[in-house]
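Peer 1: what's the 3D shape of this:
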Amino acid sequence: MPRPLWAGAISFGLVTIPVKIVSATEDHDVHFHRVHLADMGRVRTRKVCELDGEVVSQDEIGKGYEIAKDETVPVTDEELEQMPLPTAKAIEIAAFVDADTIDPVRISDSYYLAADGQVAAKPYTLLRKALERSSKVAVAKFAWHGRERLGLLRIREGAIVLHSMKWPDEVRNPDELAPREVEVGEEEIEQALELAERMTIEDLSGFHDEYREALEDIIAAKAEGKPLPAPAEDEGREKGEVVDLMAALNASVKAAKESRGEDGEDATVHEMRPSKKTARKTPAKKTAAPKKSTASKTAKKTAAKKRSAS
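Peer 2: Numbers count the residues shown, from 1 in each chain. Coordinates of the predicted model:
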């Protein structure tokens, strides 16, 4: 089980459920160090006081709020912890709403809530079953990392999930970003709907990070002194090139049908390009497969070393 990030309780009316917050996601990105190119020495950030120019250690650094120019008041962690806030050590459920009323733009990080001890088992299960049967989600408030946050509680595979949410005034108005009104034909809309229907899938587990895989290939090649992988062909159109929207939709629908084998041709669900391009790219994928396994082993070894070091 991952290391808990926070411990407290869910406050559900008069019911208290001791829980621990555990991150629901993992970071698989490839991370780089900043280095001096002349000798590959690490370049680190130094924390310097702008008044005396001295480098300060972490235990000498605290929080301060600037109330006016050249006037800053210190605020300690103890003072923040002792604020008269009911959500300081509790995820306080404030309301229940229909799940489809939540704007996805407002949803931020996700965390699992683990029952903290046997005493939490029954009330945890009670809240979980109530959410499952009602098809609603719970809106809650909680304090974390020096601020009060809005949260959303829902169920995922038997566990209660906490989604951190943006406050209403933190979401920008997109009105000024929308394009000016243009005419779109009914036939174009119907073709777009058909394309969406042809591209509909039920499982997203097949998606993976191709950028990270390509980056691992480059790192593996450099580590072994081998030539770098050849860059991918740019099959995109010239920037600013005008296309016939209806023709593009028709071609896309046809390609989607072919990708599902609906026209008597065998093709993968994920290949949404015309068949002539698909046929030309297939050999490249086969020859690249052995290199990817080497890169994957290198990446795993690197990740293991980083975890042991931390």
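Peer 1: for residue 3, give its distance to residue 20.
Peer 2: 10 Å (Cβ to Cβ, to the nearest Å). (Each C-beta comes from the backbone N, C-alpha and C, glycine too.)
Peer 1: among those two, which residue is more densely surrounded?
Peer 2: residue 20 (20 against 7; other Cβ atoms under 10 Å).
Peer 1: can you show me the strands along the stretch 101-250 of the chain?
Peer 2: 107-115, 136-144, 147-156, 159-165 (DSSP state E, counting those that start in this stretch).
Peer 1: can you list these in JSON lines and add mean pLDDT, distance to residue 101 and mean neighbour count?
Peer 2: Below are the strands of the stretch 101-250 of the chain laid out as JSON lines (pLDDT from 0 to 100; distance: least, Cβ to Cβ, whole Å; neighbours: other Cβ atoms under 10 Å):
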{"stretch": "strand 107-115", "mean pLDDT": "92", "distance to residue 101": "13", "mean neighbour count": "18"}
{"stretch": "strand 136-144", "mean pLDDT": "90", "distance to residue 101": "9", "mean neighbour count": "20"}
{"stretch": "strand 147-156", "mean pLDDT": "92", "distance to residue 101": "11", "mean neighbour count": "17"}
{"stretch": "strand 159-165", "mean pLDDT": "94", "distance to residue 101": "13", "mean neighbour count": "20"}
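Peer 1: for residue 49, find the nearest of those.
Peer 2: Nearest to residue 49 among the strands of the stretch 101-250 of the chain is strand 147-156; the distance by Cβ to Cβ comes to 25.9 Å.
Peer 1: run the chain-centre distance for that closest one.
Peer 2: 16 Å (Cα atoms, centre = their mean, to the nearest Å).
Peer 1: so what strands line up beside it?
Peer 2: strand 136-144 (antiparallel), strand 159-165 (antiparallel) (DSSP bridges).
Peer 1: got the contact list for the strand or helix carrying residue 66?
Peer 2: Assigned by DSSP states H and E, residue 66 belongs to strand 63-68. The set of residues external to strand 63-68 that reach it, using Cβ atoms under 8 Å, 6 or more residues apart in numbering, is 72, 73, 74, 75, 76, 77, 80, 146.
Peer 1: can I get these in a markdown table with secondary structure?
Peer 2: Formatted as a markdown table, the contacts of strand 63-68 follow (DSSP: H, G, I helix; E, B strand; the rest coil):
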| residue | secondary structure |
| --- | --- |
| 72 | strand |
| 73 | strand |
| 74 | strand |
| 75 | strand |
| 76 | coil |
| 77 | helix |
| 80 | helix |
| 146 | coil |
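Peer 1: which one of those residues is nearest residue 34?
Peer 2: Nearest to residue 34 among the contacts of strand 63-68 is residue 146, at 27.5 Å by Cβ to Cβ.
Peer 1: ok, and the closest non-adjacent residue to that closest one?
Peer 2: Leaving aside its chain neighbours, residue 146 sits nearest to residue 80 (5.9 Å; criterion: Cβ to Cβ, 6 or more residues apart in numbering).
Peer 1: show the pLDDT at the one you found.
Peer 2: Predicted confidence (pLDDT) for residue 80: 74.
Peer 1: same check, this time on residue 258
Peer 2: 78.
Peer 1: now the helix or strand hosting it: buried residues?
Peer 2: Take DSSP H and E as the rule and residue 258 turns out to sit in helix 245-259. Neighbour counts using 16 or more other Cβ atoms under 10 Å place 249, 252, 253, 254, 255, 256, 258, 259 of helix 245-259 among the buried residues.
Peer 1: dump the residue contacts of residue 249.
Peer 2: Contacts of residue 249 (Cβ under 8 Å, 6+ apart): 188, 191, 192, 195.
Peer 1: correct me if wrong: residue 256 contacts residue 200.
Peer 2: No. Taking contacts as Cβ atoms under 8 Å, residue 256 lies outside contact range of residue 200: 9.7 Å.
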